[in-house]
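1. sharing a model that was predicted from the sequence below.
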Amino acid sequence: MSLSVCQDDGTIVITISTNPKSKWPILCQILGTLCYSPVCSESQNSKTKMMNNYTALGIVQVIVGILSLGTGNQFLRFWLGSVFLMVGIVTVVAVRFPSDFLLLTAAVLNTVSALLAMMGLAFSASDMASDTTNNNWITRALLDIAMIIFLVLQFCVTLSFSVLTLKEICEKNTVKHLEFYKPLKEELTVSHLC
């Protein structure tokens, strides 16, 4: 796929040529072009800097998601555990293949995950406070305490990933890319198309 941009007197024409022999749908080809264009790709220095720390944060999220699936109560186990697991996987993928689009998506998902972790803290605390009549309330209280510890860890990890990723994106955007300041090519056929 190739992407070309032409400008003429207040009109910008963006042309995307797709690969008709590709097995991927057109929408996937467009998203692939946006994610892997030279303008969006990270530098090698930034990529190696992010790999170690941010991958560890993503792996911690995956582990917390798996542990939440095993130790949470009914609501927390199936909903929050699966969300934490998916956000952790997206985080690892975004760090492995960094582009502004994927990193921003991962930062937004991590912010949502931090909010869900706060909500899970409230549910775990209320579950622990209200369930003292059963015979196995000590076991459930210990599982709720473990879940509270996992949720605090998830909150800290997701919030730190979001802040560090947004900081990295803002620092990268302060560096001037020469491609942004190149004049667009003027084509004679643009005025005839519009």
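-> Arrived safely.

2. so where's this structure shaky on pLDDT?
-> Regions of the chain meeting the criterion pLDDT under 70 cover residues 1-3, 30-50, 72-77, 131-134, 173-194.

3. one more pass at 50, please.
-> Screening the chain residue by residue with the criterion pLDDT under 50, one finds the ranges 188-194.

4. which stretches of it form strands?
-> Under the criterion DSSP state E, the chain contains strands at 2-8, 11-17.

5. could you give me the buried positions within the first one?
-> Judged by neighbour count (16 or more other Cβ atoms under 10 Å), strand 2-8 contains these buried residues: C6, D8. Glycine gets a C-beta too; all of them are placed from N, C-alpha and C.

6. likewise for stretch 128-146?
-> Applying a neighbour-count criterion of 16+ other Cβ under 10 Å, the buried positions in stretch 128-146 are M128, L143, D144, A146.

7. ok, of those residues, which one's closest to L27?
-> Checking the buried residues of stretch 128-146 against L27 by Cβ to Cβ gives A146 as the nearest, at 41.9 Å.

8. that closest one against S68, yeah?
-> No - with contacts defined as Cβ atoms under 8 Å, A146 does not count as touching S68, sitting 9.7 Å away.

9. got a list of what the most centrally placed residue in the chain touches?
-> When the chain is reduced to its mean C-alpha position, the closest residue under Cα atoms, centre = their mean turns out to be A106, at 1.1 Å. With Cβ atoms under 8 Å, 6 or more residues apart in numbering as the criterion, the residues that contact A106 are V87, V90, T91, V93, A94, V95, F161, T165.

10. filter those residues to the buried ones?
-> Restricting these to buried positions leaves V87, V90, T91, A94, V95, F161, T165, with burial counted as 16+ other Cβ under 10 Å.

11. so who does the nearest residue to the last one once chain neighbours are set aside touch?
-> In this case it means T165. Computed as Cβ to Cβ, 6 or more residues apart in numbering, the closest residue to T165 that is not its neighbour in sequence is A107, at 4.4 Å. Contacts here follow Cβ under 8 Å, 6+ apart; on that basis A107 touches F161, S162, T165, L166, I169.

12. what are the buried residues along stretch 145-164?
-> 146-148, 150-151, 153-155, 157-159, 161-162, 164.

13. and for stretch 11-28?
-> Taking 16+ other Cβ under 10 Å as the neighbour-count basis, stretch 11-28 is seen to contain no buried residue.

14. now stretch 94-102
-> Of all the residues in stretch 94-102, those buried under the rule 16+ other Cβ under 10 Å are A94, V95, P98, S99, D100, L102.

15. pretty sure the last one sits against T91.
-> No - under the contact definition of Cβ under 8 Å, L102 does not touch T91, with a separation of 9.7 Å.

16. done for today, thanks.
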